[in-house]
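Visitor: this one's structure only:
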């Protein structure tokens with residue numbers, strides 16, 4: 001009886017040893033999370049049920065908030081980001097999910113079965129944020145007092161405002177920013193507003209996802225002297241589809257700007273239809289170029305850029321009167337230039353022949369030299385021997401029919417010749433942001449080498465160029481900007497315009513006549529002989545001068561530029577009326 005009872009107990013206990021106890025409904029949080037993750041990816045994602053997949057993965061993340069291994073938490077957040085991107089649900093939330101995944105498990109990678117170009121692009125952006133040093137919302141270093149917004153509404157202008165608290169004088173404040181998906185940093189100038197500087201990042205660059213930026217201040221020499229953040233440690237603002245009005249970026253004492261309208265009120269490519277969104281996009285933000293206030297969202301255009309109306313700098317001066325790199329009026333520009341004259345030479349017969357009445361050239365402004373001496377010598381005898389066969393005043397004894405040889409006084413053919421070369425220094429003062437007045441002083445090379453023209457007032461005694469000039473630059477404050485600009489100018493002054501061509505000359509001879517080489521008593525036994533040679537036939541203009549021209553200027557920064565211009569120069573005065581094309585090239589530095 002006893003043994004039967006023991007056997008019964010053993011057989012009754014066998015089931016409890018043969019099988020484990022039944023699990024609780026649903027299993028452990030980890031197993032439930034894995035099951036939800038598998039269904040979300042293998043079923044819902046494949047059937048494009050993105051909302052259902054998101055719901056499952058968010059539930060899995062909640063289940064894993066305490067007990068799951070880091071690798072599982074990371075994979076759930078990674079898959080959640082994939083679903084948010086693939087379903088075009090919330091790009092900013094996808095970035096946050098990817099960042100959480102990378103911080104939970106630094107070795108996690110995208111699943112090749114769910115990876116797409118869009119997913120990979122957002123993943124790479126998130127990777128920069130997950131492992132980059134990040135600036136806090138309040139500037140923790142540098143000379144600017146600036147607080148970055150925690151978040152900003154997508155497709156809404158983002159105001160930037162910073163107050164300068166440093167010791168160096170700041171003439172320009174620049175922000176560089178990079179919206180989500182942008183590969184290059186963009187720049188925008190902050191203009192004086194109230195006690196600080198302000199600018200607005202335009203709607204088109206405020207894209208869903210992280211927006212990075214930093215601020216740099218420059219002195220009048222364009223040297224960085226202050227900062228708030230930098231490329232390695234930028235401010236980062238989360239751009240989202242929904243942000244409470246009180247949390248959005250705004251200027252001090254102002255409301256947050258409204259979101260730009262979507263471009264949906266015109267049919268695609270419909271001729272003649274300009275959507276309100278397009279019109280809104282065309283409105284400039286603070287710092288954008290403008291011609292009139294109607295082109296600015298702020299309703300104010302100052303010095304060629306959109307600005308806040310009535311804004312003043314920290315020192316209390318009006319933004320419209322600033323003389324830093326952001327404006328031109330009141331600035332001084334110095335420079336160096338070089339050029340040359342391409343002179344139009346008039347056709348001149350009897351080029352070296354002198355008038356017997358006053359001893360001056362027969363043709364105004366035309367002088368001849370041999371070496372550094374005037375030709376012919378200023379004597380009647382020398383002049384007479386130059387007379388040609390066609391000259392009615394030729395001495396008959398030097399004519400061929402009486403056995404003599406007539407002279408030849410040289411000839412200049414019409415055309416052009418390279419004349420004087422100039423090296424100039426100049427100083428200009430900006431009366432306005434477009435108009436400069438100044439002076440140019442230069443030394444001339446390759447000029448006239450004789451003395452007679454100077455004595456007769458047809459040339460300056462020293463080879464110099466002096467000119468007063470006015471210059472107008474096209475555009476909005478063009479001399480305060482980098483890049484290409486164009487200008488016109490006019491000037492007047494004094495110069496020595498000179499150019500020459502070589503010409504053959506011949507002294508005629510009467511073989512029966514004793515030579516009178518010095519214009520005095522004939523020298524016994526020295527007969528006249530024919531002399532032939534080459535001399536320089538000069539055409540001189542001046543000393544009065546006026547000139548006009550147009551040119552192009554390229555600025556490497558607001559202070560340093562190069563320029564080139566063709567100039568049309570007219571000369572008058574003691575010489576002849578002359579014309580020359582005088583191109584010039586040089587460099588300019590602004591203070």
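Guide: That came through, no problem. Predicted model, so just to flag it, every value in this text is computed and none were measured.
Visitor: drop to CA atoms for contacts and neighbour counts, all remaining ones
Guide: Will do.
Visitor: SS state for residue 35?
Guide: Of the three states, residue 35 takes helix under DSSP: H, G, I helix; E, B strand; the rest coil.
Visitor: could you count how many residues lie near it?
Guide: Residues near residue 35, counting by other Cα atoms under 10 Å, number 15.
Visitor: likewise residue 118?
Guide: Residues lying near residue 118 (other Cα under 10 Å) number 12.
Visitor: which ones are touching it?
Guide: Counting by Cα atoms under 8 Å, 6 or more residues apart in numbering, residue 118 makes contact with 85, 86.
Visitor: cool, residue 561 as well?
Guide: 553, 554, 555, 587, 588, 589.
Visitor: residue 414 is in contact with residue 347, isn't it?
Guide: Yes - counting by Cα atoms under 8 Å, residue 414 does reach residue 347; the two are 4.2 Å apart.
Visitor: got any ranges where the stretch 201-350 of the chain has weak pLDDT?
Guide: 262-295, 297-330 (pLDDT under 70).
Visitor: ok, the chain next?
Guide: Across the chain, the ranges flagged by pLDDT under 70 are 1-26, 131-142, 262-295, 297-330, 516-525, 575.
Visitor: domain parsing of it, as residue ranges.
Guide: Here the domain parsing of the chain from automatic domain parsing is 29-131, 144-321, 328-504+535-591.
Visitor: could I get the ones you listed in CSV, plus columns for distance to residue 526?
Guide: Formatted as CSV, the domains of the chain follow (distance: least, Cα to Cα, whole Å):
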stretch, distance to residue 526
domain 29-131, 101
domain 144-321, 75
domain 328-504+535-591, 15
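Visitor: to residue 512, which of the ones you listed lies closest?
Guide: domain 328-504+535-591 (8.6 Å; Cα to Cα).
Visitor: what about the helices in the stretch 51-200 of the chain?
Guide: Secondary structure of the stretch 51-200 of the chain by DSSP state H, counting those that start in this stretch: the helices cover 70-86, 91-104, 117-131.
Visitor: will you turn those helices into JSON lines that also has distance to residue 409?
Guide: Putting those into JSON lines (distance: least, Cα to Cα, whole Å) gives the following:
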{"stretch": "helix 70-86", "distance to residue 409": "92"}
{"stretch": "helix 91-104", "distance to residue 409": "90"}
{"stretch": "helix 117-131", "distance to residue 409": "84"}
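Visitor: so which of the ones you listed gets nearest residue 204?
Guide: Nearest of the helices of the stretch 51-200 of the chain to residue 204, taken as Cα to Cα: helix 91-104 at 16.2 Å.
Visitor: and the closest one, what's buried?
Guide: Judged by neighbour count (16 or more other Cα atoms under 10 Å), helix 91-104 contains these buried residues: 91-104.
Visitor: go on, stretch 352-362?
Guide: Quick answer for stretch 352-362 (16+ other Cα under 10 Å): 352, 353, 354, 360, 361, 362.
Visitor: equivalent analysis for stretch 469-478, please.
Guide: For stretch 469-478, by 16+ other Cα under 10 Å, it's 469, 470, 471, 472, 473, 476, 477, 478.
Visitor: quick one: end-to-end distance for that stretch.
Guide: From its first residue to its last, stretch 469-478 covers 19 Å (Cα to Cα, to the nearest Å).
Visitor: centre of the chain versus it, how much separation?
Guide: Distance of stretch 469-478 from the chain centroid (Cα atoms, centre = their mean, to the nearest Å) equals 16 Å.
Visitor: please, which helix or strand holds the closest residue to residue 446 other than its chain neighbours?
Guide: Nearest non-adjacent residue to residue 446, counting by Cα to Cα, 6 or more residues apart in numbering: residue 420, 5.0 Å away. Using DSSP states H and E, residue 420 maps to strand 415-430.
Visitor: packing partners for that strand?
Guide: strand 332-345, strand 435-445, strand 497-507 (3 or more Cα pairs under 8 Å, 6 or more residues apart in numbering; DSSP states H and E).
Visitor: let me know which of those strands is the nearest to residue 168.
Guide: strand 332-345 (21.5 Å).
Visitor: can you pull out the residues in contact with that closest one?
Guide: By Cα under 8 Å, 6+ apart, strand 332-345 touches 412-430, 497-499, 539, 578-591.
Visitor: any idea how far apart the tips of stretch 370-380 sit?
Guide: Across its full length, stretch 370-380 reaches 18 Å between end residues, using Cα to Cα.
Visitor: now do the buried residues in that stretch.
Guide: Residues of stretch 370-380 classed as buried: 370, 374, 375, 376, 377, 380 (neighbour count, 16+ other Cα under 10 Å).
Visitor: keep only those of those residues that are in strands.
Guide: Counted as lying in strands by DSSP state E, out of the buried residues of stretch 370-380, are 370, 374, 375.
Visitor: who's the residue nearest to the first one when sequence neighbours are not counted bridged to?
Guide: Spelled out, it's residue 370. Leaving aside its sequence neighbours, residue 370 sits nearest to residue 535 (Cα to Cα, 6+ apart; 5.1 Å). Beta-bridge partners recorded for residue 535 (DSSP bridges): residue 503.
Visitor: neighbours of residue 535, just the number please.
Guide: So residue 535, with other Cα under 10 Å, has 21 neighbours.
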